[in-house]
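A.B. asks: okay, sequence plus prediction incoming.
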Amino acid sequence: MSRRLRLLVSLLVAVVAALLLALGAALYLLRPDSFTALLQEQARKAGLELSLASPASPQLFPRPALELEGLTLSAQGASTPILLASRGRLVLPWRSLLGGPTAITRLEIDAPRVDLSALQSWLAGLPAQNGRSVPEIPSVDAGISVIRGSLVRGNAALLDDVSLEAGRLNPGQPFPLEIIARNADGTAMQLNLSAVPRMQGNSLQLDDIALRYAHDTATLLQLGGRASWRGGADATLALDGKLQRTDSATHESRDYDVRLGLTPANQHDPLLFALKVDGADNHTDLQLPPLALADWWSQLDSEHSPELSVLPGSGRIEMDKLDAGGIHIEGLSVQTGSDAPASAASTAAGDNGEAHAQ
C-alpha cells in the first residue's frame, strides 16, 4: 500500500470515528430521561399524571427528536384516562444539544383518543380562582400536529379520524389552527381559525379573527371580528359573517346573515352569549348563558335520548326546519324569557317560555 493511500485510509477512519463520537455525544445530550421528567413535572403541576409504555428513545435525523411510545394522560386519582396515544414525538432545536435551554419546537401525536367526560371531570375539579385573574399570553414555540385522533364520551364516539395542525403562539403574531374530522355518522367537517393575540393593559385581545367552518357540503360558516378577555366572566366577542346552507336533495342554497357576541358579566347579569341569524326561513335572536346553552344543546343532540326543552335564556326562534340528533322539527317557533307569553300548561309547570312546532 502506497504512503498516499495509507494517509487517505487513516483520514477516513479518523472522520468516521469523529462522526461516531459526535453521534454518541449528541444522543447523550438529548437526555431523554430529563425531557420525560420535565413533561411529567409540568403535568403534575396541572393536576395530571403522564406515563409512557417504554422509556423515550432519542433520534438525530432529520432533526433532533424524542420518540414517546404509549402515552397515557390522566387526572390525578382518576380511573379513566383523558388521553391515550400510541405514539408521540418531540422535535427539539439543535441548541438544546449544545447546552442551550430545554425547548420543544414541535409536538406530534399519533392516534390520540380523548375522553370528553374525563376531560370535563378534570376541569370541574380544578380549584376555583378567587377574584378576577389577569390573563397572560403564554409564548408557545411548539407547533402541534395530531393525526388519526378520536374524541369520545365514555363509549360513544363523537369525532373520528381527527387531524389537527396548530402553529406557534406568540403575542402579536397570527396563530393558525386547522381541524379536520368526521362525525359519528361519517360526515366530514373542517374548522379553520386564525387570530392575532396581544396584550393591551390587563386585557387579552384577539384581533383579526377569521373563522371558517364547513360541515360536509351542506353547511359553510364564515365569520370575522375580534374578542377580548380581562379575566373571569369579563369577556367580549363580536363576530359577524355569512352562513350558507345547501339542501342535499334539491341542491338549493340559502344564505343567512350571522352575528355572534359575548356580553361581559356585571353585578346583575351573568356572561351572556348573543346569537342573531337572519334569512328567508330563519329568524333567530337569542341571549343565553354559555354554560346553560352548552348543557341544553347536549341534551338536544344526545344520540340515545334527545330532549327538547325550553331554551335557558331570552329571545325568539322562527325556523322552517330543525334537525339535531334524533329530532326533526318543521315549523319551529320558540319564544323564551320574561317577555314570552306563557300558556296555562307552562304556567302550571313553572316554565318561562313556550314552543310550537307543526
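C.D. replies: That came in fine, so what should we check first?
A.B. asks: show me the beta-bridge partners of Ala195.
C.D. replies: In this structure, Ala195 has the following beta-bridge partners (DSSP bridges): Phe175.
A.B. asks: near it, how many other residues are there?
C.D. replies: Burial of Ala195 is recorded as 19 neighbouring residues (other CB atoms under 10 Å). All C-beta atoms are positioned from the backbone trio N, CA, C, and that covers glycine.
A.B. asks: what distance do you get for it to Leu332?
C.D. replies: Between Ala195 and Leu332 the distance, using CB to CB, to the nearest Å, works out to 33 Å.
A.B. asks: quick one: low-confidence residue ranges for the chain.
C.D. replies: Across the chain, the ranges flagged by pLDDT under 70 are 1-32, 34-35, 60-62, 94-103, 127-141, 293-311, 322-328, 338-358.
A.B. asks: which residue ranges of it form helices?
C.D. replies: 3-30, 32-45, 116-124, 290-300, 344-349 (DSSP state H).
A.B. asks: helices or strands up against the third one?
C.D. replies: In terms of contacts (3 or more CB pairs under 8 Å, 6 or more residues apart in numbering; DSSP states H and E), helix 116-124 is packed against strand 65-75, strand 143-153.
A.B. asks: need the contact partners of it.
C.D. replies: The set of residues that contact helix 116-124 without belonging to it, under CB atoms under 8 Å, 6 or more residues apart in numbering, is 47-48, 74-75, 78, 80-82, 151-154, 158.
A.B. asks: quick one: it to strand 65-75, angle?
C.D. replies: When axes from the mean of the first three to the mean of the last three CA atoms, to 10 degrees is applied, the directions of helix 116-124 and strand 65-75 differ by 80 degrees.
A.B. asks: list the buried residues of helix 116-124.
C.D. replies: Of all the residues in helix 116-124, those buried under the rule 16 or more other CB atoms under 10 Å are 118-119, 122.
A.B. asks: correct me, but Lys276 touches Arg259?
C.D. replies: Yes - at 4.3 Å, Lys276 and Arg259 qualify as touching, with contact defined as CB atoms under 8 Å.
A.B. asks: now, of the contacts of helix 116-124, which are buried?
C.D. replies: Among those, those that count as buried by neighbour count (16+ other CB under 10 Å) are 48, 74-75, 78, 81-82, 151-153, 158.
A.B. asks: can you pick out the most distant pair from those residues?
C.D. replies: The span of the buried ones among the contacts of helix 116-124, defined through CB to CB, is set by Leu48 and Leu158 at 21.4 Å.
A.B. asks: which ones are touching Gly172?
C.D. replies: Listed by CB under 8 Å, 6+ apart, the contact partners of Gly172 are 196-198.
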